[in-house]
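# Mind looking at a prediction? Sequence and model below.
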Amino acid sequence: MAEITWRYHSFALDANFLMIKQTEIEELWWYKYAFYTHVCTAILALPAGFTQFNLGLLKKRPRLHRTIGYMYVVSILGFAAPSGALIGSVANGGVFAIISFELLALGWFYFTWQAVRLAVQRKINLHRDFMLRSFALTCSALTLRFWKVILVYLFHPNPMDLYQIIAWLGWVPNLLLVEFIIYRKNHNLQNHYGLPDL
């Protein structure tokens, strides 16, 4: 992701992916600003998120955990998710891909906001669950590109068909996996404390 992001370091309007978004750049005054806001802030969320589930950091350096958490939250709620919703509204692949990217942006914002709200209320277990959901969507930046490489290598699909597929594969499997992890964790806690299985 660092290598991909570096391709945009000059803020050129024809860099990498923007080569195929020239119509949007010419017709929508806001597109270039939303795109570069998304690129510059989403890349902060990935490394920040990777540190947040480190129990050693949480127990030994709680202040650092909170500081990095604030960076993660501000980058998503203030910049990356709203700009993602904007550029997603004109995504390649037509309405099927647009719906996916809009749901991704909305879910990313909602899960992150809920995680903050629950942390303020000191509901730590629920806070952790929503942070897991948020980070599953943060990682769509990685998994989307992973699926793109796999599908192109195996099937050589039409580019527009590819966008429609990876738009959903980038985040839906991530979220399903995290929901399974949360379910197993909560189920194990119920068994451990002899609580009824809901």
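Received the coordinates, thanks.
# biggest helix in the protein, by residue count?
helix 94-120 (DSSP state H).
# centre of the chain versus the helix or strand following that one, how much separation?
Beyond helix 94-120 in the direction of the C-terminus, DSSP states H and E gives the next helix or strand as helix 124-138. Relative to its chain's centre, helix 124-138 lies at 11 Å (C-alpha atoms, centre = their mean, to the nearest Å).
# pLDDT on helix 124-138, on average?
For helix 124-138, mean pLDDT rounds to 95.
# List of residues touching the helix or strand just after it?
Per DSSP H and E, the first helix or strand lying C-terminal to helix 124-138 is helix 140-155. Helix 140-155 is contacted from outside by 1, 4, 42, 46, 104, 157, 162, 165-167, 169-171, 173-174, using C-beta atoms under 8 Å, 6 or more residues apart in numbering. Every C-beta, even on glycine, is put in place using the N, C-alpha and C of the backbone.
# Closest to A80 out of those residues?
A42 (4.3 Å; C-beta to C-beta).
# from what I can see that closest one touches P82, true?
No. With contact defined as C-beta atoms under 8 Å, A42 does not count as touching P82 (11.4 Å).
# Which one's more surrounded, the two?
Taking neighbours as other C-beta atoms under 10 Å, A42 and P82 compare with A42 leading, 22 against 17.
# quick one: the residue positioned nearest the centre of the chain from L104, how far?
Centroid-nearest residue in the chain, with C-alpha atoms, centre = their mean: T138, separated by 2.2 Å. Distance, T138 to L104, using C-beta to C-beta, to the nearest Å: 10 Å.
# Just the residues contacting the helix or strand encompassing A167, thanks.
In this assignment (DSSP H and E), A167 forms part of helix 159-169. Identification of contacts with helix 159-169 by C-beta under 8 Å, 6+ apart yields 91-94, 96-97, 100-101, 143-144, 147-148, 151-152, 157.
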